[in-house]
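# Pasting the sequence and the predicted coordinates here, then a few questions.
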Amino acid sequence: MDPRPLPRPSALTAPYWEACQRGELAVQRCRACGRRVHLPEPACPHCGGTDLPYEPVSGRGTVHTFSVVHRAFLPGLTTPYVLAWIDLDEGVRAFGDIVGDIAPEEVRVGMPVRVRFDELPGFGRIPNWRPA
């Protein structure tokens, strides 16, 4: 089994992880003001609304910022790897690894990416990002 820590879905985040298992990226959208919210929140940070269902999004975006990690702080992580904040086309920011056929030194701010779901042993599918 992979020794990495596993996500621990809560009542708030379970719909997000359930969408990932279906191969969908989903974020919350406030029914009161219509704005998208990510990372998951119990109340809308824009208007305070509390009806925030999850909706699928395209999974397309661009690299906002990133860091190349050269030292593993958790078991099961192979270095180097790239962690990035992604500006989704829908106007919210997501977080994850840049994966695929790209060297860490080739990642750039503004680079177009798409979500890719990879199997995390003992958990299921998690979202990562690959060059578009």
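Cool, got the structure.

# Please work out which residues outside stretch 90-109 touch it.
With contact meaning Cβ atoms under 8 Å, 6 or more residues apart in numbering, stretch 90-109 is reached by 25, 27, 35-39, 57-58, 61, 63-66, 68, 80-88, 113, 116, 118, 126-131. Just so you know, the C-beta spots here come from the backbone N, C-alpha and C atoms, and that holds for glycine as well.

# average pLDDT for it?
With pLDDT averaged residue by residue, stretch 90-109 scores 96.

# Pull out the buried residues from it.
When burial is assessed from 16 or more other Cβ atoms under 10 Å, stretch 90-109 yields the following buried residues: 90, 92, 94, 96-98, 107.

# so what's the residue of the chain most remote from its centre up against?
Distance from the C-alpha centroid of the chain peaks at residue 32, with 24.3 Å (Cα atoms, centre = their mean). Residue 32 sits next to 44, 47-49, 51 when contact means Cβ under 8 Å, 6+ apart.

# how about 6 Å then?
47, 49 (Cβ atoms under 6 Å, 6 or more residues apart in numbering).

# heads up, I number from 424, so please use that
With the count now opening at 424, the last piece we talked about shows up as residue 455.

# Next one: it relative to residue 433, how far apart?
Distance from residue 455 to residue 433, counting by Cβ to Cβ, to the nearest Å: 22 Å.
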